[in-house]
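Colleague: no sequence for this one, just the structure:
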Ligand code: OGA
Ligand code: MN
């Protein structure tokens, strides 16, 4: 197995990994992921069982609900796909069209996700990743002062109709299941100990700030965090699997002609921890 940088420290590719991996190799992968939040495995041959077993070594898996888009027989695998068979969608279409981190709208967001490419369109359908560590480091002292110790509100309830205009409105029961959550803007990564700017498309307000000022700063942070200098564009090759770290990186799907081409991807999702405020006293930093 060889690890080669793709863009600075942010993204790297892993060549020659064969599953299953032994403990020593897994430890190397884990260390590589800590250093490179976007890890691209090339030419990975894996069955759904192997995908699940490999991801599970990083921690407990999350099962996406409702089970509508999961691979039959493999609830741990979420299908991102525009493919239909017999008039039935095999997966979620147009998932992630907009900058976000997986699970940012939940009290316990997902630590990471691993997306595996099984069918790709000949053009379009790249995935963009934005480096939250680099964005945080690049903030001016003035903006850092403004966000220090503050949390942002992430709200499905307020933004569902904005991000999912094509879906039915949330019912009262949906709203009860997805209450607003508050996460630190300066987020300490539990394993690297580094601080990332934690923002995404479900953010809408900042605690302790008047509504207008908070909303304006959220918009500014959203735009700042995805400036081109922080972004890696992943151009998928068949049998790439990308493991990304939702605690310090956002991602965003890009369009392709989904009436004409097929794009079929399988994703496993890691459970996470409650985001930690960077200014809170450092806990002992566990090594992976
Ligand atoms: C996801 C996601 C983007 C893509 O699977 O979480 O946002 O390009 N996917 O498919
Ligand atoms: Mn996503």
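Modeller: Thanks, I have the structure now. It should be emphasised that the depicted structure is a prediction, and the values quoted were computed from it without experimental measurement. Numbers count the residues shown, from 1 in each chain. Ligands and ions are numbered 1, 2, ... in the order given.
Colleague: list the contacts of stretch 138-155.
Modeller: With Cβ atoms under 8 Å, 6 or more residues apart in numbering as the test, stretch 138-155 has contacts from 104-105, 180-186, 197-200, 202-209, 217-218, 221, 224, 229-230, 277, 279. Yep, even glycine has a C-beta here, placed from its N, CA and C like the rest.
Colleague: next step: these restricted to helices.
Modeller: Using DSSP state H, 217, 218, 221, 224 are the members of the contacts of stretch 138-155 that sit in helices.
Colleague: will you turn those into TSV that also has distance to ligand 1?
Modeller: Shown next, in TSV, are those (distance: Cβ to the nearest ligand atom, whole Å):
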residue	distance to ligand 1
217	25
218	20
221	20
224	21
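Colleague: drop anything exposed from the contacts of stretch 138-155.
Modeller: 104-105, 180-186, 197-200, 202-206, 209, 217-218, 221, 224, 230, 277 (16 or more other Cβ atoms under 10 Å).
Colleague: quick check: the nearest residue to residue 234 once chain neighbours are set aside vs residue 117, distance?
Modeller: Using Cβ to Cβ, 6 or more residues apart in numbering and skipping the chain neighbours, the partner closest in space to residue 234 is residue 127 (4.7 Å). The span separating residue 127 from residue 117 equals 10 Å under the rule Cβ to Cβ, to the nearest Å.
Colleague: joint contacts of those two?
Modeller: With Cβ under 8 Å, 6+ apart, residue 127 and residue 117 have common neighbours residue 236.
Colleague: ok, so what distance separates whatever residue of the chain ends up closest to ligand 2 from residue 220?
Modeller: Here the chain gets closest to ligand 2 at one residue, residue 96, 3.7 Å apart by Cβ to the ion. The spacing between residue 96 and residue 220, counted by Cβ to Cβ, is 22 Å.
Colleague: which one's more surrounded, the two?
Modeller: residue 96 (19 against 13; other Cβ atoms under 10 Å).
Colleague: any stretches of this structure with poor pLDDT?
Modeller: Applying pLDDT under 70 to the chain flags residues 280-288.
Colleague: residues from it in reach of ligand 1?
Modeller: 80, 95, 96, 102, 113, 115, 127, 251, 253, 265, 267 (Cβ under 6 Å from any ligand atom).
Colleague: flag every residue of the stretch 51-200 of the chain that's near ligand 2.
Modeller: Counting by Cβ under 5 Å from the ion, the positions of the stretch 51-200 of the chain adjacent to ligand 2 are 96, 102.
Colleague: ok, then the element right after the helix or strand containing residue 130?
Modeller: Assigned by DSSP states H and E, residue 130 belongs to strand 127-131. Later in the chain than strand 127-131, the nearest helix or strand by DSSP H and E is helix 132-138.
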